[in-house]
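In: Take a look and give me a structure for this.
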Amino acid sequence: MPIILELKPEQQVTYQTIADELVANGFEVDPFGQRTVAIKTAPAEITPDEVEKLMLEILDDVNQEGPTVSLDVLRGRIAASISCHAAVKVNMALERSKMEWLLDALARTDCPMTCPHGRPTVLRYGMKDLMKAFKRI
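Out: Numbers count the residues shown, from 1 in each chain. So this is what the prediction gives:
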């Protein structure tokens with residue numbers, strides 16, 4: 001069943017503006033009433049309970065940029081939102097092979113130290129910091 005999502009007026013305008021780009025990024029969304037859309041499909045790896053949050057985040061992010069946002073910026077924002085929602089979360093169980101694959105893929109990226117939103121993916125602690133954290137000094 002599709003996920004029915006009611007949009008605020010500004011989100012509706014943004015949706016109409018970026019509908020083609022949403023399709024290009026794995027969404028199938030159709031108008032479903034005056035201010036409502038039906039999300040039929042979403043990008044791979046996005047759980048059904050994340051789809052609504054992801055769609056609203058994309059619409060709100062694009063809306064904050066304003067109507068003059070470039071296509072490249074729009075594509076980057078959508079890709080960043082999708083990747084963060086599909087990312088490995090805290091306490092998510094992973095097999096060793098998946099961990100190794102993720103670290104290898106991370107090392108081959110242009111910016112392995114941060115996520116697309118600029119949050120760190122790797123932290124470096126010195127021995128003194130570790131000792132202090134474990135109350136050894």
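In: Buried residues of the helix or strand of the chain with the lowest mean pLDDT, list them for me.
Out: Among the helices and strands of the chain, helix 71-86 carries the lowest confidence by mean pLDDT, DSSP states H and E, at a mean of 81. Within helix 71-86, the residues that qualify as buried are 74, 77-78, 80-82, 85-86, counting by 16 or more other Cβ atoms under 10 Å. From N, CA and C alone the C-beta is placed, and that goes for glycine too.
In: same check, this time on stretch 83-102
Out: Buried residues in stretch 83-102 (16+ other Cβ under 10 Å): 85-86.
In: Over to stretch 100-120?
Out: Quick answer for stretch 100-120 (16+ other Cβ under 10 Å): Pro116.
In: Give me the contacts around that stretch.
Out: 76, 79-80, 83-84, 87-88, 94, 121-122 (Cβ atoms under 8 Å, 6 or more residues apart in numbering).
In: follow-up on the earlier one: now the least confident helix or strand of the chain: how far from the chain's centre is it?
Out: In terms of Cα atoms, centre = their mean, to the nearest Å, the centre of helix 71-86 is found 6 Å from the chain centre.
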